[in-house]
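Enquirer: Quick one, structure for this:
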Amino acid sequence: MATLVLDRTLRILDQLSRYDTRGLTLSDIARQSGIPHPTVHRLLRDMVAARLVAPLPGGRSYVLGRRPFEHGLAARGRHDVAPLFTANLQRLADTTGYAAYLFVLSGHEAVCYAHTNMQKLDPPLSVTVGGRRPLGVGAAGLALMAAQDDALIEAALQANAESLGRYGGLDEPALRGLLEQTRALGYARSGGCLNTNTAAVGHAVVDAGGRAFAAISLSTTVARLTQREASRLAALLRAQIAEIQPRVHFHWSDEAPLR
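Expert: Purely as a prediction, here's the structure:
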């Protein structure tokens, strides 16, 4: 029973991390997580008391609470790879005028660890730090997924089958086609699944053992991302990753420290 409660609690936290800027209602959480409405109501009450989640003003929507943030601070020294990428992300943003993102592999998902905080971006940033996406969604997630072995790809497709449709109607056949395209090009190109006006190019980064654990991307508008521009951005990404790779001395895992 305790394992079931823990699983459901984690599913609620994962759902809230995807929509933390605006929060989710109790009904949203129940529908997206598949947990019965009365159970979500009971768990949210206990999670609010534990400061794991917090109600927004009005009490209809919920966001992550302060306690997960405090736990994250305690674990930063062991797990935070963002400092390895900070200067290079900013250089990419300064060079192109586009938003630069860092996503990191987390099970069958990709989590945003960093992005460039540029003012008046067009289009605006489509995800915040800590935001989660199924593998294959967005250019960084697509680059990261395409660089995995076939077993992990199949497991991710199965795990995320029900949630892909929330991203511009993406489905398994379409995602398989994008994976093939990514492997053929050597970089990921995506558009439309997160914002109809947004398009991006992404490229994977590997750990000391050659396993893709992260990806960086540049996001612009669909109109700007011509084939020529996509090729230019891919070359810029590869140049910055070539600078980053010598600083990656670890094998990525949930257990091992980075340093």
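
Enquirer: make it CA atoms for all contacts and neighbour counts henceforth
Expert: Fine.

Enquirer: which stretches of the protein form helices?
Expert: 2-18, 26-33, 37-49, 66-79, 82-96, 138-146, 150-159, 172-185, 227-244 (DSSP state H).

Enquirer: from those, which stretch is densest packed?
Expert: helix 138-146 (a mean of 30; mean count of other C-alpha atoms under 10 Å).

Enquirer: what bridges to residue 106?
Expert: residue 109 (DSSP bridges).

Enquirer: roughly how far apart are it and residue 38?
Expert: 29 Å (C-alpha to C-alpha, to the nearest Å).

Enquirer: The helix or strand of the chain with the lowest mean pLDDT: how far from the chain's middle?
Expert: Ranked by mean pLDDT, DSSP states H and E, the helix or strand of the chain with the weakest confidence is helix 66-79, at a mean of 83. Here helix 66-79 shows a centroid-to-chain-centroid distance of 18 Å under the convention C-alpha atoms, centre = their mean, to the nearest Å.

Enquirer: and the direction of it versus that of helix 2-18, what angle?
Expert: Here helix 66-79 points in a direction 90 degrees away from that of helix 2-18 (axes from the mean of the first three to the mean of the last three C-alpha atoms, to 10 degrees).

Enquirer: how close does residue 240 sit to residue 157?
Expert: Separation of residue 240 from residue 157 (C-alpha to C-alpha): 30 Å.

Enquirer: let me fix that: residue 217
Expert: Distance of residue 217 to residue 157, given as C-alpha to C-alpha: 22 Å.

Enquirer: Where does the prediction get shaky in the stretch 51-200 of the chain?
Expert: Low-confidence segments of the stretch 51-200 of the chain, defined by pLDDT under 70: 117-126, 192-196.

Enquirer: Mind doing that once more with 50?
Expert: 119 (pLDDT under 50).

Enquirer: you'd agree residue 236 is up against residue 94?
Expert: No: counting by C-alpha atoms under 8 Å, residue 94 is not a contact partner of residue 236; they are 11.8 Å apart.

Enquirer: For residue 202, give the beta-bridge partners.
Expert: Taking DSSP bridges, one obtains residue 188, residue 217 as the residues bridged to residue 202.

Enquirer: Count the residues that sit near it.
Expert: 31 (other C-alpha atoms under 10 Å).

Enquirer: ditto for residue 58
Expert: Going by other C-alpha under 10 Å, the residues that sit close to residue 58 add up to 6.

Enquirer: Residue 148 too?
Expert: 15.

Enquirer: how near is it to residue 201?
Expert: 18 Å.
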